[in-house]
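# Turn this into a model:
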Amino acid sequence: MGRMQAGRRTFCEAAIYVLAGLVATALGLPAGFYLFGSPRNEAQSDWVDAGDISNLPAGAPRQITFVRNRVDGWSVRSTKDSAWVVKDAPGDVTVFAPLCTHLGCAYHWDTKAGVFACPCHGSAFSRSGEVLRGPATRPLDQYVTKIEGARLWLGKTKASAES
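Residues are numbered from 1 along each chain as shown. Purely as a prediction, here's the structure:
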C-alpha cells in the first residue's frame, strides 16, 4: 500500500505542476506580447490626405479641415486639424499651419485688408506668410506638401526663420 500512495502522490504533484505551468503560460504569453511586442501601425505615414483641391479658387486663402490619425503606442486617436491653403495655380499651393507664430493664437484671413490677422495681439501676415505687423517676429509656419492628382497631402510642419 505504501507504494501505491507514493505513486498517487507523485502523480498528483506532477498534475499540479503541469496545471500551474499551463496557467502561467496562458497568462504570461499575452502579457509578454503586450509588453515586448511592437504596436500596430508601426510604419505609419507622416503624410495626411487633406482633400481634393481642384475646386479651390486661386488667389484667395481658404481654411480647410482634415482628419489626422495619431498613434500613441497601442492607441489610435483621430483628431480634426486645419490649415490655410493659398492656391496660385493647379500645382502651386502653399499651406500654412493654423497658429500665429507669436503665441500660437488662431488667426484668420481678413478679406477687406488682404492679410492674415491675429485678433489676440494684432499681428498681421501677408498672403505669402511674411510678417507685416508685430508683435510676431517670424513668418507663418508652413506644411510640407505634395499633390497627387487633385489630392493635397500634408507632411510635417516646417518652422519659419525669424525675420
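# Reduced to three states, what does Lys87 come out as?
Assigned by DSSP: H, G, I helix; E, B strand; the rest coil, the conformation of Lys87 is strand.
# Give me the neighbour count for it.
For Lys87, the neighbour count with other Cβ atoms under 10 Å is 20. Just so you know, the C-beta spots here come from the backbone N, C-alpha and C atoms, and that holds for glycine as well.
# repeat for Gly51
Other residues near Gly51 come to 18 when the count uses other Cβ under 10 Å.
# Give me the residues contacting the host helix or strand of it.
If you go by DSSP states H and E, Gly51 is part of strand 48-52. Contact with strand 48-52 is made by 64, 66-68, 81, 83, 85, 95, 150-155, as judged by Cβ atoms under 8 Å, 6 or more residues apart in numbering.
# Okay, strands next: where are they in this protein?
48-52, 62-72, 75-89, 92-96, 108-110, 115-117, 124-125, 131-133, 142-148, 151-158 (DSSP state E).
# Name the residues of the last one that come out as buried.
If you call a residue buried by 16 or more other Cβ atoms under 10 Å, then strand 151-158 has these buried ones: 152-154, 157.
# and what of the fifth one?
When neighbours are counted by 16+ other Cβ under 10 Å, the buried residues of strand 108-110 are found to be Trp109.
# Report the strands that pair with that strand, each with its relative direction.
Applying DSSP bridges to the sheet, strand 108-110 is found paired with strand 115-117 (antiparallel).
# Give the rounded mean pLDDT of the strand it pairs with.
Strand 115-117 carries an average pLDDT of 88.
# again with stretch 142-158
Averaged over stretch 142-158, pLDDT sits at 85.
# who touches it?
Residues outside stretch 142-158 that contact it (Cβ under 8 Å, 6+ apart): 46-54, 64, 66, 83, 85, 91, 93-97, 129, 141, 160.
# Are any of those residues buried, and if so which?
48, 50-51, 53, 64, 66, 83, 85, 93-97, 129, 141, 160.
# Can you give the domain ranges for the chain?
Listed domain ranges for the chain are 1-37, 48-158 (source: automatic domain parsing).
# ok, of these, where does mean pLDDT dip lowest?
Lowest mean pLDDT within the domains of the chain: domain 1-37, at a mean of 80.
# Mind listing what's buried along that domain?
So domain 1-37, judged by 16+ other Cβ under 10 Å, has zero buried residues.
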